[in-house]
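In: got a predicted model here, sequence first, then my questions.
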Amino acid sequence: ACGDGKTGEGAGEALTVGMPNGPLANNSNPFTPTSSGNSLGYRWLVYEPLAQVNLIAPGKPPTPWLATKWTWAPDYKKVTLSVREGVTWSDGKPLTAEDVAFTFTLLKSTPAFNGDAIPYEAITVNGGDVEVGFTASQYINQGKILNTFVVPKHVWSAIADPTTDTNQNPVGSGPYTLKTWTAQVVTMAAREDYWGGKPAVPEVRYTSYNDNNAQTTALASGACQWSFVFMPDYQNVFVAKDSANHKLWFPSGLGIHALWLNCEGVFKDAALRRALSLVIDRVAIHKQGHAGLYPLVDSPTGIPLPAGEAFISAKYQGQKHAVDIEKAKSILTQAGYKLDGEELKDPSGKPVAFKLVDPAGWSDYLADLQIIADAAKKLGIAATVETKTVDAWTQALAVGDFDATIHWTNTGVTPWDIYANIMDGAQYKPLGETATWNLGRYRNEDATKALADFANATGETERKAALDLLQDLMVEQVPAIPLVAGPIGGEYSTKQWKGWPSQDDPYAMPQPTQPCASQILMKLTKA
Amino acid sequence: MNQPVLEISGLSVDYGYHDDAVHALRDVSLSLGRGEVLGLAGESGCGKSTLAYAATRLLPPPGLITGGEVLFHSRTGETLDLLRLPDDELRAARWDEIAIVFQGAMNSLNPVRRVGRQLTDVMAAHRPGVPMSVHKGRARELLGLVGIPADRMPAYPHQLSGGQRQRVMIAMALALDPQVVIMDEPTTALDVVTQRQIVERLIALRAELGFSVVFITHDVSLLIEMADRIAVMYAGRIVEDAPAAEIYAEPRHPYTRGLLGSFPPLRGPRRALSGIPGAPPDLASLPPGCAFAPRCPHAFARCEGERPELSGGRRLSACFLPADGPVAAVQGVAPVE
Amino acid sequence: MATTTPTALVTPRRGFRLVLRNRKAAAGLIILGVFALVAALGELIAPYDPDALSPALLEGPSGAHWLGTTNTGQDILSQLIAGTRGVLLVGLLAGAIATVLSIVVGVTAGFVGGAGDEALSLLANVFLVIPALPLIIIVASLLPSAGGTTVALVIGLTGWAWGSRILRAQTLSLRRRDFVQAARANGESLWRIVFFEILPNLTAIIASGFIGTVIFAVLSQITLAFIGVTSVSDWNWGTILFWAQSNQALAQGAWWWFVPAGLCIALLGTALTLVNFGIDEFVNPRLRTGGNRPVKGIRPRVGFTPVRRKETS
Amino acid sequence: MAETPPPPDDRVVLSARGLTKHFPVRKGLRRKAVRAVESVDLTLRRGSVVALVGESGSGKSTVARLLAMLHPATAGEVRLRGEPVSARFGRRFRAYCRQVQMIFQDPFASLNPVHTVRYILTRSLRIHHAGLSTPELTARLAGLLEQVHLTPPERYLDKFPHELSGGQRQRVSIARALGAGPSVLLADEPVSMLDVSIRLGVLNLLRELTTELDLAVLYITHDIASARYFADTTVVMYAGEIVESGDSEAVTQDPAHPYTRLLIASAPDPDRPGGDREIPARGEPPSLITPPPGCRFHPRCPQAMERCRTQAPPALPGPGGRAVACWLYDTEAPE
Amino acid sequence: MTFLLRRLAFYLVTAWAAITLNFFIPRMLPGNPVQSLITRYQGQLSTDATKALYALFGLDEDTSLWQQYLDYWGRLFSGDLGLSFTYFPTPVAEVIEQSLPWTLILVGLSTMVSFTLGTLAGAYLGWRRGRWTDALLPIGSFFSAIPYFWLGLIAIAVLAVAWPLFPSSGGWDGAFVPSWDADFIWSAVYHGALPAITIVISSIAGWMLGMRNMTVTVAAEDYVTVAHAKGLKERTVMFAYAARNAVLPNVSGFALSLGFIVGGTLVTEIVFSYPGIGYILYQGVSAKDYPLMQGVFLIITLSVLAANMLADLAYALLDPRTRQEG
Ligand SMILES: Nc1ncnc2c1ncn2[C@@H]1O[C@H](COP(=O)(O)OP(=O)(O)OP(=O)(O)O)[C@@H](O)[C@H]1O
Ligand SMILES: Nc1ncnc2c1ncn2[C@@H]1O[C@H](COP(=O)(O)OP(=O)(O)OP(=O)(O)O)[C@@H](O)[C@H]1O
Ligand SMILES: [Mg+2]
Ligand SMILES: [Mg+2]
């Protein structure tokens, strides 16, 4: 484990960051999602984004970082970035607009690196500014573009094939440099000449544990001081071990976990979907299924709060989902369903039954499914929980061969990602064909149009109108049942270092693998 | 031959520790004279091997000695009670005083140790302090004695033929110059040529070194040829004990007779073979009287109720028939044709 | 009269009684019987529905819940009882499949000899060489849903190689035995020789191999459930451990969630091992600890026969 | 045992010519062969017993197995009533089995311990007499057991081999062989494992069957004295070759070949004249992988001549109408 | 010699068959590395990345399976195991090189310790049959029937968390960089202690029971009785005669288990967060990382085969009967 009270060089000072990601390979290529730099998150201590986008407060403007200023064209097809001056790479060379332009060019020319599929067009340098053009409106992607990290041209232009380079001596502009890399611990040393000043934490160690248990044990014992890991009963397992210092904060961005319903199968009827939604206890799912770590989503619109505060339409402001079995029953009765003894029969007289499926081994989802099945029984619906292998499940979802399943949505800086993933007609594929999103096969012209409008609109009012419509559809049609939000959280200890983001000071996301890691480390001070 | 080296008296052995035990030996008494070759005959399963093992407490589980005494009189005049010796003294006495050649030489040698090692380790165990080179020299000498070239010392048992292995065992038995050598069917499974080679070598060595031999086999013709005295066993008891020539010429016990009448002679006139009717008894449940009675052509009422004791002075036999009564009458080594 | 009955060549009928007489085997069989009973009765004797949630969240053993509850309030004793059937069925099914395969491959290889033998031995060796657990994981993920039957199938299909090797060696030696030659000389057909002359003599080895495979299957099944490869919708002891582990029962101090299932597995394994002792001792009479009752004052020892003088003999 | 006149040739049932068996073995780098049986000629006639004697490993069992078609022969042929046989599998092999049955050396090993006597005998009857009705079968079973003096049959039918004594097992083996209704019986050391008393019973039984059923019997043994008693003809083998063959009484009482002499002299015999204890030859049996050139017995032969070292002797006519493979009986070449 | 050549040929064919299977089995798996990666991140990695990942892994071109198979052998002969997907673009060889030594040392040592102790204990128990020590048999079988992970987790809960005598995870103290200095080695030994102890506890009984039964069997052999009859010391009889022969069947089992070390340690490594190859393989499997799976399987296959050959050799050394003369 990290530091069992034994002292290596500067060990008492070091901050240990852990992730339950299993063994690693010596790979610090920031572009590949498979590198240890990405998996543990230490790439963010070396490579810095143009701006720090805070996904848990998308309404707030991003914090300028390597770009001091950015201006979007009204149609969001071009952005002009002013590159910060006085920034040097860790090898001493200055960071210039050339580097920024090189980075964008690299992304444009290397599809393997363009993970966000941004349609770059012309990239030009204009003194200290860089202009980046796009073929389509990037309103919904603006956060991703500003979050682009910058790599040094003089290093990367010399690399023959950046996609297969393991970049074992990363050169970046960030506050730390890679000191040693071992399979178990990656040690980062603070830079003296960092543009933001020397960070207070002299050394950061990244450790990878093989599973959540080991990670939790390390956090509880204090061997590890910052992590993002799922733990049951965090109060008991972690916080109580040192309640003065052991803290955790699990806010969310605009991404959720929802129960996807097959709208061309058992759940063709919106009434059934609505009724089911009404009997599912979101609090139980939040507390028992996700141990209170995945933030509760109780807005009927499915937009997590407070991240999505600004987007909620006036109609649903302050509304909360509540379990209402009676209402659910009356909806069903109105739609022609009948309770025959214990058994719910649909209007044609067939008993209503469905299978809830998720991959074996995904204990939180499976616990949720248990709760949902239990709730469905209250309506007289025979719901059973089934598990499949991950691959079989993925395949079944893609072709629509399921009744109901819990799955996630993408996270964006607007609720667009959530809604598009659930009900975008542009993504619709008939049953049997492979779909990427709209797994529930929800078809609604209005929704499709509203989603397109939101992405391409040039004015706030247009966007608002589109989003309001989407929320209405979500509440009335229930194409999927939002359950919890995707957390961007972290557990940390204030024993040695303070200044962590928290509910009271939500300046950044507390998850160590987010770009804001450097931002947080620059805020930490000795406790 | 007047002074015995080994005296067994009243030896009883069970297999099993409970009431259902097999009583393999019952009250067996036997003495072995110095320099004598005592043949022990009897059909398969009558307890010959059991006697040999029990005398040195080597019976494997579930063997249990339930009574009797085994006294060993050494040349120096001491007497050891083998069944009462503490373990380490018994260990010391084994092989030094009494050596055993077991039934089946194939299994008597450790298959993964060189023959030479197995010869020398027994010497090293009993004669500590003597340098190994001396032991090795002695081992070579011993192998020569039984007609195996000394260069076979480094061989493994499987590299030797059955006869050679048997001879290695005999050499090993003589390693410490013991006073008694017990040989349990050393030659079954060998062909007659090899068998004769071994037996003759043994007799010659006996004359040379002066040890006593207990020779166990059910091949009566072999015994008659080589033994001084023969004890015949039946169902865990000795039924006849007499000098070899006399037993052959004039068997007293009907069982001995049956035995002698069962093998065809190689030479001389052909004769009718009588054989022994019936099947061997079950040792776990013997009849109360003479164990041979059910198969005996001369059995009468007394035989069924009472067990005859071994008696008769120099020529012992356990039978109620008069010494030269009906047996002599049926003695029919009558030529055919 | 027969002082040397060749090993493994005792009639099955007498054999079964011998196995039963063995105290260890009897103890094993009793434990197995209890498990089998629990498996058969299952839901009937379970105090609760093992899936049912209740407000008693993560509570320790109490009168209402003898073995406590899970973090969703399910009754652990009920899960344990409901899980017994799955464990036994998978173990037996996998054991049966592996045993049949090992017989088919091992006996055929041993009996046909030559090129066929080489090919089948090769097959067995390949299966031995490929590590079992990862192979099971791969094969399990080949199938859409790894439920009990699937797992049994997979374990059975991958776990036969050892047994077949042992059976092959035995068959090779049996094939040369005189009674097989005698049956041939008597005019028996090949298949009759295999099924009626050779196989019955392998019964003890097959039985012992079967039990070995059942133990292996139970442990594999539980390990697979524990690492979350297989379906956790059917209850078995591995699933209980999976849920306990993913909810970090030990870290939460909920030992009642983790310990009983492990002990049940160990107990079942012990019972099976004990039965195997019985079979071993039956196959190899030398392993028998003479008789079934211990005897005071007699210490059976190789090399130093005990002497117990009775006054009358 | 009355002398029978020499049987006419139409009594020949089974004959072997030039029977040879080499077992391939690996030794060191090269493949070698154990030359277990080398060019053996043998004739079995109805109603007569041929004894095959010789030392351990001389190839006696191999000859029997070759005759029973249990091993493929390296060379030579086996003729059943003049017809060459080759089948080793299938229907034709079964037909051959009906004629030629073998009794294995070891009564403990040749009965499957898991089968009852009833099963063993029933199989033998069923294989060779298809379509027997149940009452017929029962009658036949009883008949077989009575034939081998296992009476009353009911007492033995449901016993397992381990519940029988060695002699009884041996008789079950014989009954099994007889169940096929053969005309040739190959008895491989049927008594070597048995006690003298049981031994006698088995041999008497065999003799009885030979005369009653007019069987041809090959009796393999180590016990030369029993060969004298039970066989009409005795054949002596040494190191895979036949060294002497002829009338039993003649071979045992007046051995011609030096090896036969050694054999007879070595056999234990209580009646042996006291002085006659000198054994004419010493030494170890030869290796069958690299057998000695010339006469295989020459390294141990007290009368070995120069010629014996290089030339293998053919079967030469010896005294009393015997065939002896020894140069001593070569009348042509002066020595 | 021909014997050796035949064995060699046999092993080569086995290796070919196993490696071929190793190639095809992973490819029969449904799903692909990209999908697995996306799924693994559960929303933290945007689905937009799918196309980029296909491009990154070079999976956007279509090559026939047969062509891939040929390429695989071609690369294998030039010692190239390809690039891992899970750790893209780290070469598989590097991933293996980094994890293999840990597994070898931890599991290798504990297997040896367990074998040695178990064998000695088994010999003793077999020798002392019929005494109170026989009571150890059911206890032993109980331990051998405990699921390993369960024992490991309880050990961690008790000996590393409740009563922190041992570290709960990792192969060494994170403060050190692996090197051959005393501190680091001590740290590695200290971290390896608990996993090693649990491995020994759960595997020792198997060796013990096997050896005990063999010893009992051998102790009744005639040559052991002869050794007693020769009046040799009890220790000599026990070791040089009984145990020496009884250990033979255990030897091939031991060699085989040495081969399984590489593959059989998955659970240990999961439970103790130990940096070994078993867990790497597990990750490879769940990530559909064909190159990595193949690489690890190759190592396992080769090591099991090597162990088997060693067993053949050891057997020939230990048992003169199998040695060929001339
Ligand atoms: N372990 C045992 N358990 C029960 N009975 C046994 C045991 N060992 C031997 N016996 C019985 O004890 C009797 C004597 O056996 P022993 O070996 O002494 O006979 P033997 O005269 O040497 O026979 P053989 O000539 O066949 O060697 C036999 O009837 C045998 O069945
Ligand atoms: N399957 C085999 N493979 C190799 N060699 C064999 C085989 N069977 C027999 N032999 C060898 O052939 C020779 C003759 O064996 P065979 O069994 O015929 O001898 P035998 O005369 O019957 O001996 P015994 O009297 O001991 O039964 C022996 O040297 C034996 O080792
Ligand atoms: Mg005996
Ligand atoms: Mg033979």
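Out: Looks like it arrived, so ask away. Ligands and ions are numbered 1, 2, ... in the order given.
In: residue D:14: neighbouring residues, count only.
Out: Counted by other C-beta atoms under 10 Å in any protein chain shown, the residues lying close to residue D:14 total 23. Placement of C-beta: from N, CA and C, glycine included.
In: what's the answer for the one 3 residues further on, then?
Out: Around residue D:17 sit 15 other residues, with neighbours defined as other C-beta under 10 Å.
In: tell me the pLDDT of it.
Out: What the model reports for residue D:17 is a pLDDT of 92.
In: cool, residue D:3 as well?
Out: Reported pLDDT at residue D:3 in the predicted model: 45.
In: cool, residue A:22 as well?
Out: Predicted confidence (pLDDT) at residue A:22: the value is 82.
In: pretty sure it is in a helix, no?
Out: No: using DSSP: H, G, I helix; E, B strand; the rest coil, the secondary structure at residue A:22 is coil, not a helix.
In: that one contacts residue A:210, correct?
Out: Yes: counting by C-beta atoms under 8 Å, residue A:22 touches residue A:210, with 5.3 Å between them.
In: okay, the two: which has more neighbours?
Out: residue A:210 (24 against 21).
In: isn't the more buried one up against residue E:168?
Out: No: using C-beta under 8 Å, residue A:210 makes no contact with residue E:168, being 11.3 Å away.
In: how about residue 32, what does it touch?
Out: No chain in the question, so chain A it is. Applying C-beta atoms under 8 Å, 6 or more residues apart in numbering or on different chains, one finds that residue A:32 lies in contact with A:38, A:163, E:56, E:88, E:89.
In: look at chain D instead
Out: When the contact criterion is C-beta under 8 Å, 6+ apart, the partners of residue D:32 are D:24, D:25, D:26, D:289, D:290.
In: what of residue E:102?
Out: Contact criterion C-beta under 8 Å, 6+ apart gives E:171, E:274, E:275, E:276, E:277 as the residues in contact with residue E:102.
In: and which of the contacts of residue A:32 is nearest residue E:285?
Out: Using C-beta to C-beta, residue E:88 comes nearest to residue E:285 of these, at 16.2 Å.
In: is it true that that closest one touches residue E:54?
Out: No: between residue E:88 and residue E:54 no contact is recorded; they are 12.0 Å apart, counting by C-beta under 8 Å.
In: give me the more crowded residue out of these two.
Out: When residue E:88 and residue E:54 are compared for neighbours, residue E:88 comes out ahead with 27 against 18, by other C-beta under 10 Å.
In: tell me which residues touch that one, please.
Out: For residue E:88, the residues meeting the contact criterion (C-beta under 8 Å, 6+ apart) are A:27, A:32, A:34, A:35, A:164, E:56, E:57.
In: the same query, at a cut-off of 10 Å, please.
Out: With contact taken as C-beta atoms under 10 Å, 6 or more residues apart in numbering or on different chains, residue E:88 is in contact with A:25, A:27, A:29, A:32-35, A:112, A:163-164, A:166, E:33, E:37, E:53, E:56-58, E:289, E:291-292.
In: among these, which are located in helices?
Out: E:33, E:37, E:53, E:56, E:57, E:291, E:292 (DSSP state H).
In: now, of those residues, which are buried?
Out: Buried residues within the ones in helices among the contacts of residue E:88, counting neighbours by 16 or more other C-beta atoms under 10 Å in any protein chain shown: E:33, E:37, E:53, E:56, E:57, E:291, E:292.
In: any figure for the gap between residue D:242 and residue E:216?
Out: Distance, residue D:242 to residue E:216, using C-beta to C-beta, to the nearest Å: 48 Å.
In: same question, residue C:301
Out: Where residue E:216 is concerned, residue C:301 sits at a distance of 12 Å (C-beta to C-beta).
In: name the residue in these two with the higher neighbour count.
Out: Neighbour count, other C-beta under 10 Å: between residue C:301 and residue E:216, residue E:216 has more, with 26 against 19.
In: residue A:295 is in contact with residue A:283, isn't it?
Out: No: with contacts counted by C-beta atoms under 10 Å, residue A:295 stays clear of residue A:283, the gap being 11.7 Å.
In: now do the helices in the stretch 151-300 of chain B.
Out: Counting by DSSP state H, counting those that start in this stretch, one finds helices in the stretch 151-300 of chain B at the ranges B:162-173, B:192-209, B:220-226, B:244-249, B:254-260.
In: now the ones you listed in JSON lines, with mean neighbour count and mean pLDDT?
Out: Compiled in JSON lines, the helices of the stretch 151-300 of chain B are given as follows (neighbours: other C-beta atoms under 10 Å in any protein chain shown; pLDDT from 0 to 100):
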{"stretch": "helix B:162-173", "mean neighbour count": "24", "mean pLDDT": "86"}
{"stretch": "helix B:192-209", "mean neighbour count": "18", "mean pLDDT": "84"}
{"stretch": "helix B:220-226", "mean neighbour count": "23", "mean pLDDT": "86"}
{"stretch": "helix B:244-249", "mean neighbour count": "19", "mean pLDDT": "88"}
{"stretch": "helix B:254-260", "mean neighbour count": "25", "mean pLDDT": "88"}
